[in-house]
Each structure stands twice: as structure tokens, then as C-alpha cells.
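>>> Quick one: sequence and predicted model below, then my questions.
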Amino acid sequence: MDKEQIGVLYQKYFDTLYRVCFLYMKNEHDSLDAVQETFLRLIRSSFKEESEEKTKAWLIVTASNYCKKQLSHWWRKKRTPMEDEKARPENLQRSNDSSVLELIWSLPEKYRIPIYLYYYEGYKTKEIAGLLKTNASTVQTRLAKARELLRLELSRQEEIEIKVLNTL
Amino acid sequence: MNINKLNIEFEAMVPSDEKKAEVWKKIETEIEEREVISKKRKYRGFKKVLGTLAAMAAVFAVLIIPTTIFAEEIKDFFSGIFSQNKQVGKITEQKVFEVTDEASHIKVEVLELISDGHSAMATVVYTALDEKGREWIEQEENAENYYSLFSIHPGKVEKNENGIDVLMFSASSSFGCYELEKLRTEYSRTYIAYLSSYGTPTAPLNNCLIFNYSTSCDKSKLAELHCATMENHVYKMVKAEKNAEENEDSQKIEPVFFEISKLSWGVFGRNHEVYEHSGNSYRLIDPNDIYKPSIEIYFKNGESMPLEGGLYLYGNSVEVVELDGEKLDLNVCCGDFINERMFNNIDEHDMDDENWLLQIDPTDIVSVKLDGVMYNLE
């Protein structure tokens, strides 16, 4: 693949890869590193672009594998987590009204990625299963569980708001 | 959960243009460096070609012979999964495709293929034939990301006037793949690929499959795979007279017929208040609530078995099915009998044990319980 072809893919898939990496790594710096590494692997690999679908899937799988490997390193496990505010996506820092994404942010990684791939990227559960190397029923269960956790958290927050209003 | 709001927030979850440009700059540098190195290598390679040929002959003598023997040993041990099974062995297509790349570094085999028209499964083996092949197969991308290696999808290939294989048509279907890690050796990788066209009506998954593969020498070659279709049994679902367990969910799908083979199953029916038409596709009415029906099959001897696995309605497509001369627009709730969990539980020593593969005789099934409501099969 030449520079021009890589450049086209970079423009096309950067945002998707960044979001996938961000949902794993939870900070901008590591996510940018992961996107960079994904494209470097593309350059070094023998991958040949055949269809948009296949290329996108290849990039997502490679980025996910890289992030998972990074997260499993012993030195990362020993690292102190970044301050909450710095670790949050920029648009969450900018806005006070990002309740849904903020809640998703609080979910474990195994729920965050399927939610993003299903709702935003429009993948089917079977396709997500292929990307995440799990089976479709597991993805289905994780989506259902994530929705349930979000529903519980939303209603808990509503209750708190009502209590606060009542005390005023 | 407000999906539109969530998607707007995902949309905004990107770094600044400056940071995006910074990353590109680093990638661009690597590309340029590689281009320079590649040019230098070509020049040096020309000067050293005779020396390299001599060295290659020596490596060939030392490495090819033992690895070829090694490859034969693997073959003796592993001759397939489906073909070893008493239930489906006879209807499994064996030695479907085999090719060695031009420089004989890698051998690619589609060892076996089995299909019922809706679902298909193939066993694909990559074997290194020499040291270069071993290095290639060990590349991280190849080992971890099967998309680099191959894919299978419905389609047709024909040779053009120059004798080159050209894709004549290509259709979509769900494609997934996983490695049988227990069979991994230094010189080989074994994969199970699975396809499903339930819910995405395309071409049947038997006589028009395209195997799109790569090797260390050949990037993206096409081959056609052929496979006989195993018998599919189709039954009308008629509500039983005595039904004590009807609940709220029972109203969500109105089943019309049940299709089952030894490989997969599907309940076709009209949905109520689960999906709605949106343009040319279907979408969930309430995205917060994905309907997951419970399904149980009953056998002649009174035994029953819940159907587990990919139990879901596809959200964005429908099957247009012809039944008794009438064209019906139906959703399908489906699943495969063979899944990754089963393969991961295979121990090398009981590979040929018939018990690991679910044994279903479709003619033994008399009724299906869907969301607590019993339906007799006719």
C-alpha cells in the first residue's frame, strides 16, 4: 500500500479507530498511540485492501488486539489511574449534559465496546462476535446487561435529583 | 437510553485536528522511511542475487525436508472435525481446496466444508512448508487477525480473457472465524470459519462460495468452493390447543414455520411491537428492549431441549419467504447448533468422539415451545 492509499484509509477510519481505542484505553494519549500503532501495523503487514468492510474489520480487530495487549501488561496494571477529569473524553469535559455517554464510560470495557459497535457503527451482534472473538449470544447478553445497568443508573440518578429538589 | 443522543456524543468523541495531524505525521515518516529502505534493498538484492541463490539452496536442503515431514505428521493427526463425526461425516465435503504458494512457503487447505444452505462451516488450515513460511505464519497480524488471511462469502468467480480469476458477483452474509488454538503448532494454524445467511437473504451458502485467501507470495487470490447441501426440514407451526403458560412475551412473535437441520435452526414469523419498517429495513421500536425469545424443542420420546446460542431477531432485514404459493415478509429468530464454546472444549484426544457435536435428528422433533406457548409441527 502506498502513502496515498494509507492516507485515504487514515481519513476514513481514524475516528472509528480512535473511539474504539478510547473505549479501551480511557485516555487520549494512549488512544492516539494505539491508532498510530494500528496504522503502522497496516503498513508493515501484507494486508491488501479488497473491500471497505474487510479493511474496516481488519483495522478494528488490530486496534482492539493492541489495546487489550497494552491493558494486560503488568506495568500498566501497576500504574495509578489518571485523574478522572483528564481521563474523560474531551466532549464530556466540555459539556455538562453528556449523561448517557458518561454512564457508558462508567461501564466495564466488555460492555462499552459492544455498545459502541452496535449502536454507532451499526454492526450486527454476529459481526461483533467475529470482531471480538466471542460468540453472538455473549454479545447479545452483554448488550442486554449494559442496557440494564444503564437503566438502573439512570433511575438512581433521577431519584437523587428528586431528593435534592425536595430538600430545596 | 436515548440512542440518538448517545450517537451524537459518540460522534463528538474525537481528538482535535492538530492531534490527528500529529499522528499522521509520524505514520507518514514511517512510510517514507520504508520506501527508502525498500529502494536500497532492491539495489543490494540485484548485486547479491547469485550469493543469495546459493544460500537459499543450502537453507532448502536443511529446512524443507524436516518441515515437510512435520507437515505430514500434522496431517496424520488432524484430518478434520466434521468428517470425523458420525452424525454429519457423510455429508461433509472433504479436501475442498488446496493450494501451495508460488515459492512453496505456505500450503492453504480448506479441509472440509459443510452447509445447510443457511449456515456453513469450513475448516481451514495454513501450514508452513519452510522457514520463511514459518516466519510469515508467525507474524502477529496473521496469528491474531484472520481478516489478513482469508474470508469466505457467497459469490461467483470466472476467468477473464487473460485467464485471471474475476469476481462475477458477491453477496453479503455474516462471516466469523476463530482459531482452534489447541491445534496450533509452530508450523500450522487451524481455523473454523462460519457463515450465516439467516436474516440476510442472499445466495444459498453451498454451491457459490468464494474463498478469498492470502499467502506469503499470493495476496488475495480467489477460489470457488463447492459443497452439497444437507437436508433442511421445514415444518408449519400450529398452536397447540392446550396452552397454560402464555405470557406477555408470547404475543411478540407470531410464528409461521420452523426450519431445522443438523447445523442450524430458524423460527420464521411475524413480529408484533418489536420491529417496524423504516425505509427498506426493519428497526427496533424500543431500542432499550431487545426481545430475546425463549425456545425449547420437544422430541418424540417426550424429552425437551432449550435452544441456546444466537437467539435473536435480526433488526434490519426480513426474509421474503414463499410458503404455499404465498410470499411472506417474515422476521427470523435463528441459531447454530455448533458454536465456539463447543470447539473450545474439544480436547485433542477426543476429537473423534461423537458426543462433542450436538446430535440432533430433525425428524425426531414434534413440537416447539416459544415464549411459553406450545406449537405442534406439521
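Yep, that arrived.

>>> And whichever helix or strand residue B:135 is part of, what's buried?
Using DSSP states H and E, residue B:135 sits in helix B:131-138. Buried residues in helix B:131-138, counted by 16 or more other Cβ atoms under 10 Å in any protein chain shown: B:131-134, B:136-137. No exception for glycine: its C-beta is placed from N, CA and C like everyone else's.

>>> Which secondary structure element is home to residue 113?
No chain in the question, so chain A it is. Going by DSSP H and E, residue A:113 is in helix A:109-115.

>>> That was the other one, I meant chain B.
Using DSSP H and E, residue B:113 falls in strand B:106-115.

>>> which secondary structure elements does that strand contact?
strand B:93-100, strand B:119-128, helix B:131-138, strand B:209-213 (3 or more Cβ pairs under 8 Å, 6 or more residues apart in numbering or on different chains; DSSP states H and E).

>>> Can you name every helix or strand that the last one contacts?
Based on contacts counted as 3+ Cβ pairs under 8 Å, 6+ apart, the elements that strand B:209-213 packs against are strand B:106-115, strand B:150-159, strand B:221-225.

>>> need the ones you listed in TSV with mean neighbour count and mean pLDDT, can you?
Below are the helices and strands packed on strand B:209-213 laid out as TSV (neighbours: other Cβ atoms under 10 Å in any protein chain shown; pLDDT from 0 to 100):
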stretch	mean neighbour count	mean pLDDT
strand B:106-115	25	92
strand B:150-159	19	84
strand B:221-225	18	87
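
>>> hmm, the longest helix seen in chain A in reach of chain B?
Taking DSSP state H as the assignment, the helix of chain A that covers the most residues is helix A:136-167. Yes: legend: contact between helix A:136-167 and chain B by Cβ under 8 Å from any Cβ of the partner chain is shown at A:136-137, A:140, A:143-144, A:147, A:150-151, A:154.

>>> Tell me, how many residues neighbour residue B:305?
13 (other Cβ atoms under 10 Å in any protein chain shown).

>>> Okay, now the unreliable bits of chain A?
Where chain A drops to pLDDT under 70, the residues are A:46, A:72-99, A:158, A:161, A:165-168.

>>> re earlier: could you say what helices and strands the helix holding residue B:135 packs with?
Helix B:131-138 packs on helix B:65-77, strand B:106-115, strand B:119-128, going by 3+ Cβ pairs under 8 Å, 6+ apart.

>>> Please work out the average pLDDT along it.
What helix B:131-138 shows for mean pLDDT is 87.

>>> quick one: which helix or strand includes residue B:265?
Counting by DSSP H and E, residue B:265 is found in strand B:264-271.

>>> Adjacent strands (with direction) for the helix or strand that comes right after that strand?
Downstream of strand B:264-271, the next assigned helix or strand under DSSP H and E is strand B:275-278. The strands that strand B:275-278 pairs with in its sheet are strand B:281-284 (antiparallel) (by DSSP bridges).

>>> what comes into contact with the following helix or strand past the partner strand?
For strand B:281-284, the following helix or strand on the C-terminal side (DSSP H and E) is strand B:295-299. Residues from elsewhere that reach strand B:295-299 (Cβ atoms under 8 Å, 6 or more residues apart in numbering or on different chains): B:260, B:267, B:304-307, B:311, B:333, B:364-370, B:374.

>>> any idea of the angle strand B:295-299 forms with strand B:264-271?
Going by axes from the mean of the first three to the mean of the last three Cα atoms, to 10 degrees, strand B:295-299 is angled at 120 degrees with respect to strand B:264-271.

>>> Name the strands paired with strand B:295-299 and say parallel or antiparallel.
strand B:304-306 (antiparallel), strand B:365-370 (antiparallel).

>>> Run through who's touching the last one.
Strand B:365-370 is contacted by residues B:235, B:237, B:240, B:250, B:253, B:255, B:258, B:260, B:267, B:293-300, B:304, B:374-377 when judged by Cβ under 8 Å, 6+ apart.

>>> Narrow the residues you listed to those that are buried.
Judged by 16+ other Cβ under 10 Å, buried ones among the contacts of strand B:365-370: B:235, B:237, B:250, B:253, B:255, B:258, B:260, B:267, B:293, B:295, B:297-298, B:374-375, B:377.
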